[in-house]
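>>> need the 3D shape of this:
(2 chains)
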Amino acid sequence: MTNLEFTPLVFGISAVAGCLGALTGLGGGVVVTPALTLLLGVDIRYAIGASLVSVIATSSGAAAAFVREGYSNIRIGMFLEIATTLGAILGAFLATRTPTTILSIIFGFVLLHAAWQSSRGHPSDQQPKIPDPLAKRFKLDGSYPSTEGPCEYQVAHVKTGFSLMFGAGTLSGLLGIGSGALKVIAMDQAMRVPFKVSTTTSNFMIGVTAAASAGIYLSRGYIEPGLAMPVMLGVLTGSLIGARHLIGAKVHVLRWIFAAVVGFMAIEMIFTGVKGKI
Amino acid sequence: MTTWTDHRLEVIISVLLRTGVTISAAVVLLGGACYLAKHGHEQSAYHVFHETAPTYRSVSGVIHAAGPSNCQAVIQLGLLLLILTPVARVAFSLAGFALEHDRTYMVLTSIVFVILIYSLAGAH
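Numbering: from 1, shown residues only, chains lettered A, B, ... in the order given. Coordinates of the predicted model:
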């Protein structure tokens, strides 16, 4: 295939991935890599490099809107970014030492989790019974705008959340994904941060986390300009379209479609990894 | 003098992020158009992994090579600007927390900043 045929194809695939990612809140990165490797036979390391760059674009683009609305908590974000960036550097180093077959299998399991996550809704917010003294020490408690005025919340299990964030960062650096789903679990379920605050703060953190592994990817030659260009522009365009239609879309139906697609990709990734064909 | 509240910081951060993404996307698009005009009829080869040329693997290499004669380096420059956007966000937050006299967060933000610089500056 010539570059003139290959580039629009990659752009199209990335745009669909970015749009679905924005509509379901799972991000485009997690779909782009399996799509490129399974459909176009791109080496997983190039795909991971291109996907990671696109993750920074969507995160920064979306965060710009959310930060302004006042939902995201920049202190929680900054505090936890210490864990995610350290994890991201570890993950990026692991990525260069892990055989591609193993990467593919790990990716498959992350996709399975994303499919499961996508098929169910999110649990209702629960406020912690015993707030964590560490939350006070690091000024993590905050408030967000609601129809009845500012709504105060407190943060629990700071250490557990911090450890989970290190794991989320490692996975992000290893697979070139935002791992937003895991970040939300750490904040929403462990630290009991309200769901809306968790998702927007997670989005805010994804760019910084990805930037930490991007430097290592760059110096290891994973970021190939000819491929990263249509992936980055495609995912960005798709996610902007997706975010614009978020209100009008039947999110429930979409979640199921997305879960099915991602589930299928998960099995394919595990299968190709096990057979050693990647 | 205006007081630096978290919300004010948030508004400036959102402008910074949007500007960074817009500029980098424009540079990538420019480089991409030039790349396709010059190399559009060449075969794409991403099936087999071989590290990209050393020029595209470091910040200084990309800056020196970017120009009309090297379109891939222009794309890479756009991607670098994108990677630097969150780094700039962290640097800006550091300044914001300094103006708020928040020592705890000045320390925490500095740690994140050093980790990011380590990743970008080092030859790994």
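>>> where do the helices sit along the stretch 1-150 of chain A?
A:3-24, A:29-40, A:44-69, A:74-97, A:100-119, A:133-137 (DSSP state H, counting those that start in this stretch).
>>> wait, does the helix ranked longest in chain B contact chain A?
Criterion DSSP state H: the longest helix present in chain B is helix B:6-39. Yes. Using CB under 8 Å from any CB of the partner chain, helix B:6-39 comes into contact with chain A via B:6-7, B:9-11, B:13-15, B:17-18, B:20-21, B:24-25, B:28-29, B:31-32, B:35-36, B:39. Placement of C-beta: from N, CA and C, glycine included.
>>> pull out the buried members of those residues.
B:6, B:9-10, B:13-14, B:17-18, B:20-21, B:24-25, B:28-29, B:31-32, B:35-36, B:39 (16 or more other CB atoms under 10 Å in any protein chain shown).
>>> quick one: low-confidence parts of chain B?
Across chain B, the ranges flagged by pLDDT under 70 are B:1-5, B:123-124.
>>> quick one: residues contacting residue 70.
Using chain A. Residues counted as contacts of A:Gly70 (CB atoms under 8 Å, 6 or more residues apart in numbering or on different chains) are A:144-145, B:7, B:10.
>>> was after chain B, sorry
B:Asn70 makes contacts with B:Thr55, as judged by CB under 8 Å, 6+ apart.
>>> run the last query once more with 10 Å
Neighbour list for B:Asn70: A:225, B:31, B:34-35, B:38, B:55-56, B:62, B:64, B:76-77 [criterion: CB atoms under 10 Å, 6 or more residues apart in numbering or on different chains].
>>> can you redo the residues you listed as JSON lines with distance to A:Phe204?
Output for the contacts of B:Asn70, formatted as JSON lines (distance: CB to CB, whole Å):
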{"residue": "A:Pro225", "distance to A:Phe204": "27"}
{"residue": "B:Gly31", "distance to A:Phe204": "28"}
{"residue": "B:Cys34", "distance to A:Phe204": "33"}
{"residue": "B:Tyr35", "distance to A:Phe204": "32"}
{"residue": "B:Lys38", "distance to A:Phe204": "38"}
{"residue": "B:Thr55", "distance to A:Phe204": "33"}
{"residue": "B:Tyr56", "distance to A:Phe204": "29"}
{"residue": "B:Val62", "distance to A:Phe204": "27"}
{"residue": "B:His64", "distance to A:Phe204": "33"}
{"residue": "B:Gln76", "distance to A:Phe204": "26"}
{"residue": "B:Leu77", "distance to A:Phe204": "25"}
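>>> how about whichever residue of chain B sits closest to chain A: what's its closest non-neighbour residue?
Per CB to the nearest CB, B:Glu51 is where chain B lies closest to chain A, at 2.8 Å. In this structure, B:Glu51 finds its nearest non-sequential neighbour in A:Gly221, 2.8 Å apart by CB to CB, 6 or more residues apart in numbering or on different chains.
>>> does the one you found count as helix, strand or coil?
Here A:Gly221 is recorded as coil under DSSP: H, G, I helix; E, B strand; the rest coil.
>>> from A:Tyr46, how far out is it?
In this view, A:Gly221 and A:Tyr46 are 9 Å apart by CB to CB, to the nearest Å.
>>> tell me which residue in chain A sits closest to chain B.
A:Gly221 (2.8 Å).
>>> hang on, that residue packs against B:His50?
Yes. The pair A:Gly221 and B:His50 qualifies as a contact (CB atoms under 10 Å) at a distance of 7.9 Å.
>>> shared neighbours, those two?
A:Tyr46.
>>> the more surrounded of these two?
Taking neighbours as other CB atoms under 10 Å in any protein chain shown, A:Gly221 and B:His50 compare with A:Gly221 leading, 19 against 11.
>>> tell me the contacts of the more buried one?
Residues near A:Gly221 by CB under 10 Å, 6+ apart: A:45-46, A:49, A:96, B:49-54, B:56-57.
>>> SS state for B:His41?
What three-state DSSP gives for B:His41 is coil.
>>> give me the spatial nearest neighbour of it, chain neighbours excluded.
A:Thr2 (5.3 Å).
>>> swap in A:Arg255?
Spatially, and ignoring its direct neighbours in sequence, A:Arg255 is nearest to A:Ser118 (5.2 Å; CB to CB, 6+ apart).
>>> residue contacts, the one you found?
For A:Ser118, the contact set (CB under 10 Å, 6+ apart) comprises A:20, A:24-26, A:181, A:254-263.
>>> mind redoing it with 7 Å?
A:24, A:26, A:255, A:258-259, A:262 (CB atoms under 7 Å, 6 or more residues apart in numbering or on different chains).
>>> okay, the residues you listed in a markdown table with pLDDT and neighbour count next?
Shown next, in a markdown table, are these (pLDDT from 0 to 100; neighbours: other CB atoms under 10 Å in any protein chain shown):
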| residue | pLDDT | neighbour count |
| --- | --- | --- |
| A:Thr24 | 71 | 23 |
| A:Leu26 | 72 | 24 |
| A:Arg255 | 74 | 19 |
| A:Phe258 | 77 | 22 |
| A:Ala259 | 82 | 19 |
| A:Val262 | 85 | 25 |
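>>> now for the helix or strand harbouring B:Val90, which elements pack on it?
Per DSSP states H and E, B:Val90 falls inside helix B:71-99. Judged by 3 or more CB pairs under 7 Å, 6 or more residues apart in numbering or on different chains; DSSP states H and E, helix B:71-99 is in contact with helix A:44-69, helix A:195-219, helix A:225-244, helix B:6-39, helix B:59-65, helix B:103-121.
>>> kind regards, and thank you for your time.
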